[in-house]
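A.B. asks: Build me a structure from this.
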Amino acid sequence: MFELEPIGRVVSGRTEVSDDYWGGVPSVIRLDDRFPVETVQGLDEFSHLVVTWAFHLASPDDVALHARSPRNNAAWPVTGTFVHRNHRRPNQIATSFPRLVKVNGLDLHVTDLDAVVGTPVLDLAPYFREMGPQGAVSEPSWPGEMLSDYWAAPRP
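C.D. replies: Have a look, this model is predicted:
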């Protein structure tokens, strides 16, 4: 068993889970007050964060340890659990790369964070380009099709 204690929570932003339309959504990650403000010193010099968070609204009963079509769309190939990037994974955690807008004490103002209000944040770090993928990145066509509206602005 491996236990993690959240370092903070999403305290403002989107309140409803959705498959798409996360683009431009302003959110605030509030770090726990057990951390001194100096733990974020220098963070404001970075444009993006790497945020690891928990799907706190998901049920452990919804984990899918089998192959299935993404979003249950038969137009896309049947793929295994570790090919999907949703809450149906064993540990029900995710990683996002939001843009850091500003740091205000222990409040981190971000956009393009695809987590809802109340989401426990397990860890965060600045994004270092040098630690991103090396070499050519390849993927099949279906993720691009599936995610074509993922970063579109929310609909009114």
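A.B. asks: drop to CA atoms for contacts and neighbour counts, all remaining ones
C.D. replies: Noted.
A.B. asks: Can you get me a residue count around Asp44?
C.D. replies: If you count neighbours by other CA atoms under 10 Å, Asp44 ends up with 15.
A.B. asks: mind checking how far it is from Pro126?
C.D. replies: Noted for Asp44: a distance of 9 Å to Pro126, by CA to CA, to the nearest Å.
A.B. asks: just Gly80 next, same as before
C.D. replies: 30 Å.
A.B. asks: quick one: which of those two has more around it?
C.D. replies: Taking neighbours as other CA under 10 Å, Gly80 and Pro126 compare with Pro126 leading, 19 against 14.
A.B. asks: bridging residues for that one?
C.D. replies: Note on Pro126: beta-bridge partners by DSSP bridges are Leu49.
A.B. asks: Help me confirm that it comes into contact with Phe46.
C.D. replies: Yes: the criterion here is CA atoms under 8 Å, and Pro126 meets it with Phe46 at 6.3 Å.
A.B. asks: centroid residue for the chain?
C.D. replies: In the chain, the centroid-proximal residue (CA atoms, centre = their mean) is Ser96; its distance is 3.2 Å.
A.B. asks: Quick one: residues contacting that one.
C.D. replies: Leu49, Val50, Val51, Thr52, Leu113, Asp114 (CA atoms under 8 Å, 6 or more residues apart in numbering).
A.B. asks: Compare those and tell me which is most surrounded.
C.D. replies: Highest neighbour count within these: Leu113, with 26 neighbours (other CA under 10 Å).
A.B. asks: hang on, that residue in a helix?
C.D. replies: No: under DSSP: H, G, I helix; E, B strand; the rest coil, Leu113 falls outside any helix and is assigned coil.
A.B. asks: tell me the contacts of the closest residue in space to it that isn't next to it in sequence?
C.D. replies: Among residues not flanking Leu113 along the chain, Pro98 sits closest, at 4.9 Å (CA to CA, 6 or more residues apart in numbering). Counting by CA under 8 Å, 6+ apart, Pro98 touches His48, Leu49, Val50, Val51, Val110, Thr111, Asp112, Leu113.
A.B. asks: Likewise for Gly80?
C.D. replies: Each residue near Gly80 by CA under 8 Å, 6+ apart is listed here: Leu65, His66, Ala67, Arg68.
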